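Asks: dropping the sequence and predicted coords here.
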Amino acid sequence: MINRSNIILLFCMVLGLAVLIALGAWQVKRLQWKEALIERVEKRIASEPVALSKLEAGGFNRDTQEYQPVFVTGTFDHDSEVYFFTTAKGGASGWNVHTPLNLNDGRVVIVNRGFVPFTLKEPEKRAEGQVLGEQRVEALLRFPLSERPLGSLANSPETREFYWRNVGEMAGVMGGAKDKYLPVILDQLENEISGGWPKGGTTITKFTNSHLQYAVTWYGLALTLLGVGGYFLFSRRQAENDE
(Lines give C-alpha, C1' and ligand atoms only; values in the text may rest on other atoms or scores of the structure.)
Protein backbone atom coordinates (compact mmCIF):
# COMPACT_ATOMS: atom_id res chain seq x y z
CA MET A 1 0.00 0.00 0.00
CA ILE A 2 1.32 3.43 -0.97
CA ASN A 3 1.95 5.71 1.99
CA ARG A 4 -0.18 8.84 1.72
CA SER A 5 2.59 11.04 3.11
CA ASN A 6 4.93 9.81 0.37
CA ILE A 7 2.38 10.89 -2.24
CA ILE A 8 2.18 14.35 -0.66
CA LEU A 9 5.96 14.62 -0.56
CA LEU A 10 6.21 13.50 -4.20
CA PHE A 11 3.58 16.04 -5.23
CA CYS A 12 5.44 18.84 -3.42
CA MET A 13 8.72 17.80 -5.01
CA VAL A 14 7.22 17.77 -8.52
CA LEU A 15 5.60 21.15 -7.89
CA GLY A 16 8.89 22.56 -6.63
CA LEU A 17 10.74 21.20 -9.65
CA ALA A 18 8.20 22.75 -12.00
CA VAL A 19 8.59 26.16 -10.33
CA LEU A 20 12.40 26.05 -10.32
CA ILE A 21 12.62 24.91 -13.95
CA ALA A 22 10.16 27.63 -14.98
CA LEU A 23 12.25 30.25 -13.18
CA GLY A 24 15.38 28.96 -14.89
CA ALA A 25 13.71 29.08 -18.32
CA TRP A 26 12.52 32.63 -17.62
CA GLN A 27 16.07 33.70 -16.80
CA VAL A 28 17.33 32.13 -20.03
CA LYS A 29 14.81 34.24 -21.96
CA ARG A 30 15.88 37.30 -20.00
CA LEU A 31 19.52 36.48 -20.82
CA GLN A 32 18.75 36.37 -24.54
CA TRP A 33 16.83 39.66 -24.28
CA LYS A 34 19.63 41.38 -22.33
CA GLU A 35 22.36 40.18 -24.73
CA ALA A 36 20.37 41.48 -27.70
CA LEU A 37 19.78 44.79 -25.91
CA ILE A 38 23.48 45.22 -25.07
CA GLU A 39 24.45 44.47 -28.66
CA ARG A 40 21.97 47.02 -30.04
CA VAL A 41 23.00 49.72 -27.59
CA GLU A 42 26.72 49.18 -28.14
CA LYS A 43 26.27 49.51 -31.89
CA ARG A 44 24.14 52.62 -31.41
CA ILE A 45 26.65 54.30 -29.10
CA ALA A 46 29.47 53.62 -31.57
CA SER A 47 27.58 55.26 -34.44
CA GLU A 48 28.15 58.79 -35.70
CA PRO A 49 26.13 61.61 -34.09
CA VAL A 50 23.01 62.65 -36.00
CA ALA A 51 21.13 65.93 -35.81
CA LEU A 52 18.60 65.94 -32.98
CA SER A 53 16.13 67.67 -35.29
CA LYS A 54 16.31 64.72 -37.70
CA LEU A 55 15.28 62.26 -34.99
CA GLU A 56 12.53 64.55 -33.77
CA ALA A 57 11.16 64.94 -37.31
CA GLY A 58 10.66 61.18 -37.53
CA GLY A 59 9.22 61.01 -34.02
CA PHE A 60 11.14 60.25 -30.83
CA ASN A 61 11.23 56.52 -30.06
CA ARG A 62 12.79 55.11 -26.90
CA ASP A 63 13.22 51.60 -28.30
CA THR A 64 15.20 52.66 -31.36
CA GLN A 65 16.85 55.90 -30.23
CA GLU A 66 17.89 55.53 -26.58
CA TYR A 67 21.67 56.22 -26.31
CA GLN A 68 21.84 57.45 -29.91
CA PRO A 69 24.65 60.03 -30.28
CA VAL A 70 23.21 63.36 -31.41
CA PHE A 71 24.31 66.94 -31.92
CA VAL A 72 22.43 70.20 -31.50
CA THR A 73 23.28 73.90 -31.45
CA GLY A 74 22.02 76.41 -28.89
CA THR A 75 22.83 78.70 -26.00
CA PHE A 76 23.00 77.57 -22.38
CA ASP A 77 20.91 79.36 -19.75
CA HIS A 78 23.27 78.79 -16.83
CA ASP A 79 21.14 80.80 -14.40
CA SER A 80 18.45 78.11 -14.65
CA GLU A 81 20.56 75.00 -14.03
CA VAL A 82 19.39 72.25 -11.66
CA TYR A 83 21.21 69.37 -9.99
CA PHE A 84 20.72 65.62 -10.22
CA PHE A 85 22.24 63.49 -7.45
CA THR A 86 24.61 60.88 -8.81
CA THR A 87 27.67 58.77 -8.22
CA ALA A 88 30.47 59.37 -10.69
CA LYS A 89 32.21 56.53 -12.52
CA GLY A 90 35.12 56.81 -10.10
CA GLY A 91 32.81 56.25 -7.12
CA ALA A 92 32.55 59.82 -5.80
CA SER A 93 29.10 61.25 -5.11
CA GLY A 94 28.02 64.65 -6.33
CA TRP A 95 25.72 66.32 -8.83
CA ASN A 96 25.12 66.13 -12.55
CA VAL A 97 24.47 69.69 -13.69
CA HIS A 98 21.37 69.92 -15.91
CA THR A 99 21.07 73.12 -17.91
CA PRO A 100 18.43 74.30 -20.40
CA LEU A 101 19.81 74.80 -23.90
CA ASN A 102 17.88 77.44 -25.82
CA LEU A 103 17.50 76.44 -29.46
CA ASN A 104 17.30 78.84 -32.37
CA ASP A 105 13.62 78.08 -32.96
CA GLY A 106 12.66 79.20 -29.44
CA ARG A 107 12.38 75.75 -27.94
CA VAL A 108 14.46 74.25 -25.16
CA VAL A 109 16.20 70.92 -24.52
CA ILE A 110 17.63 69.95 -21.14
CA VAL A 111 21.31 69.01 -21.24
CA ASN A 112 23.09 66.99 -18.58
CA ARG A 113 26.39 68.84 -18.85
CA GLY A 114 28.21 66.46 -16.50
CA PHE A 115 29.47 65.82 -13.00
CA VAL A 116 30.59 68.22 -10.28
CA PRO A 117 31.50 67.25 -6.69
CA PHE A 118 29.40 68.59 -3.85
CA THR A 119 31.99 71.31 -3.21
CA LEU A 120 31.50 72.74 -6.70
CA LYS A 121 27.72 72.81 -6.81
CA GLU A 122 27.62 76.63 -6.75
CA PRO A 123 28.17 78.00 -10.30
CA GLU A 124 30.46 80.80 -9.09
CA LYS A 125 32.99 78.19 -7.98
CA ARG A 126 33.33 76.89 -11.56
CA ALA A 127 32.77 80.08 -13.53
CA GLU A 128 35.27 79.09 -16.23
CA GLY A 129 33.07 76.17 -17.17
CA GLN A 130 29.94 78.30 -17.70
CA VAL A 131 30.50 78.60 -21.44
CA LEU A 132 28.83 81.52 -23.20
CA GLY A 133 27.48 82.05 -26.68
CA GLU A 134 26.24 79.53 -29.19
CA GLN A 135 27.48 76.01 -28.52
CA ARG A 136 27.46 72.79 -30.51
CA VAL A 137 26.59 70.04 -28.06
CA GLU A 138 27.28 66.37 -28.74
CA ALA A 139 25.41 64.04 -26.45
CA LEU A 140 23.61 60.73 -25.97
CA LEU A 141 19.84 60.91 -26.37
CA ARG A 142 18.02 59.82 -23.23
CA PHE A 143 14.35 59.30 -22.44
CA PRO A 144 13.59 60.27 -18.82
CA LEU A 145 11.07 58.52 -16.62
CA SER A 146 7.50 59.74 -16.27
CA GLU A 147 6.98 58.25 -12.80
CA ARG A 148 9.11 58.17 -9.69
CA PRO A 149 11.07 54.89 -9.47
CA LEU A 150 10.41 52.60 -6.52
CA GLY A 151 12.83 53.40 -3.71
CA SER A 152 13.93 56.75 -5.14
CA LEU A 153 13.94 59.87 -3.00
CA ALA A 154 11.40 62.54 -3.86
CA ASN A 155 12.67 65.43 -5.95
CA SER A 156 13.23 68.74 -4.17
CA PRO A 157 12.33 71.49 -6.68
CA GLU A 158 12.55 74.20 -4.02
CA THR A 159 16.29 73.52 -3.66
CA ARG A 160 16.70 72.66 -7.38
CA GLU A 161 17.81 69.15 -6.41
CA PHE A 162 16.54 66.05 -8.20
CA TYR A 163 16.82 62.33 -7.47
CA TRP A 164 15.03 61.10 -10.57
CA ARG A 165 14.80 62.86 -13.90
CA ASN A 166 11.48 64.23 -15.04
CA VAL A 167 11.35 66.86 -17.79
CA GLY A 168 8.12 68.42 -16.52
CA GLU A 169 9.43 68.94 -13.00
CA MET A 170 12.79 70.22 -14.18
CA ALA A 171 11.15 72.59 -16.64
CA GLY A 172 8.96 73.92 -13.85
CA VAL A 173 12.08 74.95 -11.94
CA MET A 174 14.03 76.19 -14.96
CA GLY A 175 11.21 78.47 -16.04
CA GLY A 176 9.51 79.27 -19.30
CA ALA A 177 6.60 77.50 -20.95
CA LYS A 178 6.75 73.75 -20.33
CA ASP A 179 5.43 73.00 -23.81
CA LYS A 180 8.60 74.51 -25.27
CA TYR A 181 10.77 71.80 -23.68
CA LEU A 182 11.58 68.74 -25.76
CA PRO A 183 10.51 65.50 -24.01
CA VAL A 184 14.08 64.17 -23.88
CA ILE A 185 17.33 64.84 -22.04
CA LEU A 186 20.76 65.00 -23.61
CA ASP A 187 23.69 63.48 -21.71
CA GLN A 188 26.65 65.51 -22.95
CA LEU A 189 29.66 63.50 -24.08
CA GLU A 190 33.13 64.08 -22.71
CA ASN A 191 33.90 67.73 -23.29
CA GLU A 192 36.94 69.96 -23.13
CA ILE A 193 35.90 72.90 -20.96
CA SER A 194 38.26 75.54 -19.70
CA GLY A 195 38.24 75.06 -15.96
CA GLY A 196 37.32 71.40 -16.20
CA TRP A 197 33.81 71.48 -14.70
CA PRO A 198 31.26 70.05 -15.23
CA LYS A 199 32.84 66.87 -16.59
CA GLY A 200 30.77 65.33 -19.37
CA GLY A 201 30.59 61.68 -20.35
CA THR A 202 28.80 60.56 -17.19
CA THR A 203 26.33 58.17 -18.85
CA ILE A 204 26.62 54.57 -17.68
CA THR A 205 26.72 52.46 -20.84
CA LYS A 206 27.88 49.17 -19.34
CA PHE A 207 24.92 47.05 -18.35
CA THR A 208 24.96 44.30 -15.75
CA ASN A 209 23.98 40.90 -17.06
CA SER A 210 23.56 38.34 -14.29
CA HIS A 211 20.80 36.30 -15.91
CA LEU A 212 23.10 33.37 -16.71
CA GLN A 213 24.10 33.08 -13.05
CA TYR A 214 20.45 33.26 -12.03
CA ALA A 215 19.49 30.56 -14.55
CA VAL A 216 22.29 28.29 -13.34
CA THR A 217 21.17 28.88 -9.75
CA TRP A 218 17.54 27.92 -10.44
CA TYR A 219 18.49 24.85 -12.48
CA GLY A 220 21.03 23.88 -9.82
CA LEU A 221 18.37 24.10 -7.12
CA ALA A 222 16.09 21.96 -9.29
CA LEU A 223 18.79 19.28 -9.59
CA THR A 224 19.47 19.46 -5.86
CA LEU A 225 15.77 19.08 -5.08
CA LEU A 226 15.54 16.14 -7.48
CA GLY A 227 18.55 14.42 -5.96
CA VAL A 228 17.79 15.05 -2.29
CA GLY A 229 14.06 14.50 -2.65
CA GLY A 230 14.49 11.37 -4.72
CA TYR A 231 17.00 9.90 -2.27
CA PHE A 232 14.74 10.72 0.69
CA LEU A 233 11.68 9.07 -0.91
CA PHE A 234 13.73 6.06 -1.98
CA SER A 235 15.20 5.61 1.52
CA ARG A 236 11.79 6.03 3.11
CA ARG A 237 10.27 3.48 0.75
CA GLN A 238 13.04 1.01 1.49
CA ALA A 239 12.52 1.45 5.22
CA GLU A 240 8.80 0.77 4.82
CA ASN A 241 9.50 -2.41 2.84
CA ASP A 242 11.84 -3.68 5.57
CA GLU A 243 9.18 -3.36 8.25
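Replies: Looks like it came in fine.

Asks: which strands and helices sit next to the lengthiest helix in the chain?
Replies: Looking across the chain with DSSP state H, the single longest helix is helix 4-45. Helix 4-45 sits against helix 211-242, with contacts defined as 3 or more CB pairs under 8 Å, 6 or more residues apart in numbering; DSSP states H and E. Every C-beta, even on glycine, is put in place using the N, C-alpha and C of the backbone.

Asks: which parts of the helix it packs on are buried?
Replies: Residues H211, Y214, A215, W218, Y219, L221, A222, L225, L226, G229 are the ones in helix 211-242 that count as buried (16 or more other CB atoms under 10 Å).

Asks: same thing with stretch 151-165?
Replies: N155, R160, E161, F162, W164, R165.

Asks: next up, phi/psi of the first one, please.
Replies: It stands for N155. phi -60, psi 150 (degrees, to the nearest 10).

Asks: which of the buried residues of stretch 151-165 lies closest to T99?
Replies: Checking those against T99 with CB to CB, the nearest one is R160 at 11.4 Å.

Asks: re the thing from before, would you convert the buried residues of helix 211-242 into a markdown table that also reports pLDDT and distance to L120?
Replies: Listed next are the buried residues of helix 211-242 as a markdown table, based on pLDDT from 0 to 100; distance: CB to CB, whole Å:
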| residue | pLDDT | distance to L120 |
| --- | --- | --- |
| H211 | 73 | 39 |
| Y214 | 78 | 40 |
| A215 | 81 | 44 |
| W218 | 86 | 46 |
| Y219 | 84 | 50 |
| L221 | 87 | 49 |
| A222 | 85 | 53 |
| L225 | 84 | 55 |
| L226 | 83 | 58 |
| G229 | 76 | 60 |
